[in-house]
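In: sequence and predicted structure are below.
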Amino acid sequence: MSLKKHILDLRKRKEQVEMGGGEKAIEKQVAMGKMTARERILALLDQNSFTEYDLFVEHEAKDFGMDKKQLHGDGVIIGTGTIYGAPICIFAQDFTVAGGSLGLMHARKITKIMDHALKMRVPLIGINDSGGARIQEGVNSLAGYGEIFYRNTIASGVIPQISVILGPCAGGAVYSPALTDFVFVVDNISKMFITGPGVIKTVLGEEISMEELGGARVHAEITGNAHFFAESEQECFDQIKKLITFIPWNNNKKAKEFPPKAPTFKGNIEDLIPSDPRQPYDVRDVIRSIVDEGDFFEIQELFAANIVIGFGRLNGQTIGFVANQPLVLAGVLDCDSSDKAARFIRYCDSFNIPIVTLEDMPGYLPGVDQEHAGVIRHGAKVLYAYSEATVPKITVILRKAYGGGYIAMNSRHLGADFMFAWPTAEIAVMGPEGAANIIFKKEIDGADDPDEMRKLKVQEYKEKFANPYVAAAKGYIDSVIEPNDTRNILLHALEVSVGKDVHHPEKKHGIPPF
Amino acid sequence: MSKDKDLVGFRVQSLEYQTKLTKKFANRQAWKEPNPLEIRSYIPGTIIDIQVEVGQVLKEGDNVLVLQAMKMLNQITMPFDAKVKEIHIKEGDRVPKNELMILLEE
């Protein structure tokens, strides 16, 4: 063969494999409203940046007629590329090839690109669209999953790991996304569950659709397994790209700094907040009023909305925001919101992202269901995560900081570097009504008009204790600030914290209340 | 921003706040004190064998029924000495979790 012929032969081979499962299977994929694996990678990565590996990998299975079946790329595409110039390792399961089922070589391709990502210390993105284990390959499939989970775990906290669910992801397969940092789902396309509707019907007689059992909305709203919800695949890719701009390539780097931009908010920040502590407001308006260009990138927006987490920039630097949301459940901490906040705090700490906490919370959610669901164990995660974090930690108390909530939300006592409070802050062991009822019980009960006396005593307590100055007098609050100065004071606090260097006693790892 | 109609009064400690509820919170089930006279399924499964009859007086530990779940045959036994008052299941029934199977009387 002449050299030219060799090249033509290579091109022909590539073309064949790049067709995945063939025209019919691709038609089916498109009919389901889905892009093909290759289209997805190209839509996500910078133009012309994708380089594929292991295109010619073939399976070695012999049983059940597998020896006669050729599966292009063994149902998964792997490679490297860039997103806004950041290096990325990526794999995408190809549903058009044997339903994206995972066999030995399919898994080997995935673990190869995972190993590469970890070695090169670059983010890993996995696009999941698979019917599950390739039954014909038996225990080899299970081995493949296990080897993926192991790598997810070892890479956790070293490189960012992103899972994109763009099709079914069922049974054991769900545990790879569950071990990664961020899970993206798309309405009507993503399906995740351990046991499918079929088995549930056979065993329990309960009928439920795939969508109701493990659709995108379920995981974004109810289970908290998903972090980002999108209406379309394109919207999902835009979300991933945006996330990449906020996070560093690995745990030894800082997130890319952007040119400082002024906030777009042009009013009085204090006008965003009702003075009556019982009235709600959207704490996200406060975050937007202080971050660069008002750009706040919220994570898990639909899950446990009583706490808000996400990224924003202050003078171009990525900041992780944790804020109680008075608009939902009065901003209480409960099992779900504790899990949500704690995991995010640990993410920020792993990847050198300073944490700003905005506090306005009345305490923990009361109720038998919460106590029995383990609000002690879950709530402890917040204490653990804040205490353990060594990145700069800054708290601003906006209104209420009562009882255990005051301690949990990055208080000085858990190692906050800076504690600021607005003059509207109420830092107390409990709300004035409750405190007055206990402290002045004798006076109230003994009064001619107990209700009038209660009002009087509540007012007395409010004036004496429901303010930031008692805590400031002890040095628990560093500074009582005017709301409009919040951004400037945060900028200053971050500026003087750049060299923060705190080390805890050496240990293998802690034992957080999982 | 919220529509005011979504706001409800919500009590935490001694204060009532105006706020929205999450779906999960709104749909939560109220706690009920368990009745020791009810034998309920602790796992979803299929009733394989009913070993008692209404009116039968049984001792603690006596066999009551076999509940098959996840391919395991679970022998359900009497929690204490009592008489069978009602049987709410028949052989072959598939029961969800926490379904009333047998009612006892002392």
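Out: Sure thing, it's come through. Numbering: from 1, shown residues only, chains lettered A, B, ... in the order given.

In: to what extent is the closest residue in space to A:N225 that isn't next to it in sequence buried, counted in neighbours?
Out: Closest residue to A:N225 apart from its sequence neighbours, by CB to CB, 6 or more residues apart in numbering or on different chains: A:H219 at 4.3 Å. Quick note: C-beta positions are derived from backbone N, CA and C, even for glycine. Around A:H219 there are 25 other residues, counting by other CB atoms under 10 Å in any protein chain shown.

In: how much space between A:H219 and chain B?
Out: Distance of A:H219 to chain B, given as CB to the nearest CB, to the nearest Å: 13 Å.

In: where exactly do the strands run in the stretch 351-500 of chain A?
Out: Assigned by DSSP state E, counting those that start in this stretch, the strands in the stretch 351-500 of chain A fall at A:355-361, A:393-402, A:418-421, A:426-428, A:479-480.

In: Throw these into a markdown table and include distance to A:S497, thanks.
Out: Formatted as a markdown table, these follow (distance: least, CB to CB, whole Å):
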| stretch | distance to A:S497 |
| --- | --- |
| strand A:355-361 | 11 |
| strand A:393-402 | 8 |
| strand A:418-421 | 8 |
| strand A:426-428 | 23 |
| strand A:479-480 | 15 |
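
In: wait, which of these is closest to chain B?
Out: Of all the strands of the stretch 351-500 of chain A, strand A:393-402 sits nearest to chain B, with 7.3 Å by CB to the nearest CB.

In: show the pLDDT at the residue of chain A most remote from its centre.
Out: Of all residues in chain A, A:D448 has its C-alpha farthest from the mean position, at 55.5 Å, by CA atoms, centre = their mean. At A:D448, the model reports a pLDDT of 91.

In: residues of chain B that sit close to chain A?
Out: B:1-2, B:7, B:10-25, B:28-29, B:31, B:44-45, B:69-70, B:94, B:96 (CB under 8 Å from any CB of the partner chain).

In: run the last query once more with 6 Å
Out: B:1-2, B:10, B:12-15, B:17-20, B:28, B:31, B:44, B:94, B:96 (CB under 6 Å from any CB of the partner chain).

In: tell me which element the closest residue to A:R121 other than its chain neighbours falls in.
Out: Of all residues not flanking A:R121 in the chain, A:N250 sits nearest, at 3.8 Å (CB to CB, 6+ apart). A:N250 belongs to no helix or strand when assigned by DSSP states H and E.

In: A:I159 is in contact with A:N250, correct?
Out: Yes - contact criterion CB atoms under 6 Å: A:N250 and A:I159 qualify, at 5.0 Å.

In: tell me how many other residues surround residue 83.
Out: No chain in the question, so chain A it is. There are 21 residues near A:I83, going by other CB under 10 Å.

In: think we crossed wires, I meant chain B
Out: Burial of B:K83 is recorded as 13 neighbouring residues (other CB under 10 Å).

In: got it, and the one 5 residues further on?
Out: By the measure other CB under 10 Å, the count of residues near B:H88 is 14.

In: who are the contact partners of it?
Out: For B:H88, the contacting residues are B:100-101, by CB atoms under 6 Å, 6 or more residues apart in numbering or on different chains.

In: which stretches of the stretch 201-350 of chain A form helices?
Out: Along the stretch 201-350 of chain A, counting by DSSP state H, counting those that start in this stretch, helices occupy A:210-214, A:216-218, A:233-246, A:283-290, A:335-350.

In: chain B too?
Out: B:23-26 (DSSP state H).

In: where does it have low pLDDT?
Out: B:1-4 (pLDDT under 70).

In: one more time with 50
Out: B:1-2 (pLDDT under 50).

In: before we move on, what about the stretch 101-250 of chain A?
Out: Short version for the stretch 101-250 of chain A, where the test is pLDDT under 50: none.

In: might you enumerate the residues of it proximal to chain B?
Out: A:204-205.

In: and A:P392, how far from chain B?
Out: Here the criterion is CB to the nearest CB. By it, A:P392 lies 31 Å from chain B.

In: pretty sure B:G45 contacts B:M70?
Out: No - counting by CB under 6 Å, B:G45 stays clear of B:M70, with 7.5 Å between them.

In: in terms of neighbours, single out the busier of these two.
Out: More neighbours surround B:G45 than the other of B:G45 and B:M70, with 24 against 9 (other CB under 10 Å).

In: find the nearest non-adjacent residue to that one, please.
Out: B:A69 (3.1 Å).

In: equivalent analysis for A:N315, please.
Out: Sequence neighbours aside, A:P260 is the residue nearest to A:N315 in space, at 4.0 Å (criterion: CB to CB, 6+ apart).

In: could you do A:F258 as well?
Out: Looking at A:F258 with CB to CB, 6+ apart, the closest residue is A:G316, at 4.1 Å.

In: tally of neighbours for the one you found?
Out: Neighbours of A:G316 (other CB under 10 Å): 13.

In: for it, give me phi and psi.
Out: With angles defined as degrees, to the nearest 10, A:G316 sits at phi 90, psi -10.

In: quick one: end-to-end distance for stretch A:473-488.
Out: 23 Å (CA to CA, to the nearest Å).

In: my guess is the residue nearest to B:G45 meets B:I43, correct?
Out: Yes - the criterion here is CB under 6 Å, and B:A69 meets it with B:I43 at 4.4 Å.

In: between these two, who's got more neighbours?
Out: B:A69 (18 against 14).

In: between the helices of the stretch 201-350 of chain A, which gets nearest to A:I427?
Out: Comparing these by their distance to A:I427 (CB to CB), the top pick is helix A:283-290, with 17.6 Å.

In: next one: A:I41 from A:S190, what distance?
Out: Computed as CB to CB, to the nearest Å, the A:I41 to A:S190 distance reads 17 Å.

In: between the two, who's got more neighbours?
Out: Of the pair A:I41 and A:S190, A:S190 is the one with more neighbours under other CB under 10 Å, namely 30 against 24.

In: and that one, what is it in contact with?
Out: For A:S190, the contact set (CB under 6 Å, 6+ apart) comprises A:165, A:216.

In: go again using 10 Å as the cut-off
Out: A:128-129, A:164-169, A:177, A:183-184, A:211, A:214-220, A:226, A:229-230, A:236 (CB atoms under 10 Å, 6 or more residues apart in numbering or on different chains).
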